[in-house]
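# Mind looking at a prediction? Sequence and model below.
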Amino acid sequence: MREQVEIGRGRSAHRSYTFDDLDIVPSRRTRSSSAVSTAWQLDAYRFELPLLTHPTDAVVSPTTAVRVGELGGLGVLNAEGLWARHAEADKALAEIVGRAADDPAAALVELQRLHAAPIQPDLLTEALNQVRGAGVTLAARVSPQHARELTPTLLAAGVEVLVVQGTIISAEHVASDSEDGESPLDLEDFIDSLDIPVVAGGVGDYRTAMHLMRTGAAGVIVGYGQSCSTSTDAVLGIGVPMATALVDAAAARRDYLDETGGRYVHVIADGGMATSGDMAKAIACGADAVMLGEQLAAADEAPGGGWYWTSAAAHPNLPRSGVVGVAQRGCDLAGVLRGPAPQSDGRVNLFGALRRAMAKTGYSDLKEFQRVGLSVRR
């Protein structure tokens, strides 16, 4: 039973932990980094890095999706982003970046304006074909609101992994009759109708994670992409202490595994990870893979050109992300992901650091590393 803390007369709250509250405890064994594997497999798709990109135009273009795939991760293109709305998406991005240099608030307004343009299936298909033609695994993200509308186009383009992602997602959505004129998405029926793996999220608690697992999702995203740019906690008052959220989701995964007699659902950490050490703690708390955005925005090839935002920034009336500058590291994507690291701040050679953390604690693969000891600082 999780510890309850009294916050006033007749009112208590769960005590929860962020990655800053935890440390990984070394074991009695160490091993060579060359004897460690960071490989991860989602359904039939194997990746040398346990990485999905956060689906934002600031990080993922068709070109960078291909490069991430070549480096061993999974690039997730935002099917509702600029590449699906504008024939000259690079020019649209340049407009955002140009405004951000003078006034980040004006850049957010420009981002919202550009996203007001309708999604054009032919443009979306063209962007997806660029990734598919390179021979890497093709993945795309849709919001729950547009999943039914866009999925036929995605399937026709050969999408192999579908990510259904919102700030907060549930298997049960209650809508008023006047809300959209459409019935809400039934995730279980939707996933059952597809022949490709679906990753869904974000969630922040055991119960919601379990509900999503029962829809048939192959993976559940924990978190909402908390980063230097997000403001969900300030706007909505909703926060996800990531260490506790991941441990709870991992507990749901274990119980669901028992419930189904062996169906394993992957847990993917999205947000709250500023450094490679935080990534290692995320795996230690039970994540199978991490979803990175802000960290990749520092790469030379990042479409945002040193600026970062999440897809929530484009919401027409309640954005939960700003356009925020990210310090460039003088590294390309290969350097950010695989090194070598010219700095010692844990923001370059992210997966080389994860491999070293696993080696220093004596674990040979990700599943084993999920059992590493943890200590609480307070």
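On my side now, so go ahead.
# CA only for contacts and neighbour counts going forward, please
Will do.
# In the chain, which residue is most central in space?
The centroid of the chain falls nearest to Met291 when counting by CA atoms, centre = their mean (3.2 Å).
# Hmm, that one is touching Thr56, no?
No. Assessed by CA atoms under 8 Å, Met291 is found out of contact with Thr56, at 11.3 Å.
# ok, back up a step: tell me the contacts of the residue nearest to the centre of the chain?
Residues near Met291 by CA atoms under 8 Å, 6 or more residues apart in numbering: 51-54, 225, 268-271.
# Quick one: these as TSV, columns for pLDDT too.
Listed next are the contacts of Met291 as TSV, based on pLDDT from 0 to 100:
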residue	pLDDT
Leu51	98
Leu52	98
Thr53	98
His54	96
Gly225	83
Ile268	98
Ala269	98
Asp270	96
Gly271	93
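# can you pick the most crowded of those?
Ala269 (33 neighbours; other CA atoms under 10 Å).
# so what's that residue closest to, chain neighbours aside?
Leaving aside its chain neighbours, Ala269 sits nearest to Val290 (4.7 Å; criterion: CA to CA, 6 or more residues apart in numbering).
# what do you get for Met273?
Leaving aside its sequence neighbours, Met273 sits nearest to Met279 (CA to CA, 6+ apart; 5.9 Å).
# still on that earlier bit, isn't the residue nearest to Ala269 right next to Met273, touching?
No. Here Val290 lies out of contact with Met273, judged by CA under 8 Å, at a distance of 9.0 Å.
# any common contacting residues for those two?
In contact with both Val290 and Met273: 279, 282, using CA under 8 Å, 6+ apart.
# roughly how far out does stretch 93-110 sit from the chain middle?
Distance of stretch 93-110 from the chain centroid (CA atoms, centre = their mean, to the nearest Å) equals 24 Å.
# no wait, stretch 228-242
Worked out by CA atoms, centre = their mean, stretch 228-242 lies 15 Å from the chain centre.
# before we move on, what about stretch 103-120?
On CA atoms, centre = their mean, the centre of stretch 103-120 falls 22 Å from that of its chain.
# Same question for stretch 69-89.
On CA atoms, centre = their mean, the centre of stretch 69-89 falls 14 Å from that of its chain.
# Averaged pLDDT, it. What do you get?
The pLDDT scores in stretch 69-89 average 98.
# now for it, what's the gap between its first and last residues?
Length of stretch 69-89, first residue to last, CA to CA, to the nearest Å: 21 Å.
# swap in stretch 51-60?
Stretch 51-60: ends 13 Å apart by CA to CA.
# Now do it: everything it contacts.
Residues outside stretch 51-60 that contact it (CA under 8 Å, 6+ apart): 73-78, 81-82, 140-141, 225, 270, 289-293, 296-297, 302-305, 307-311.
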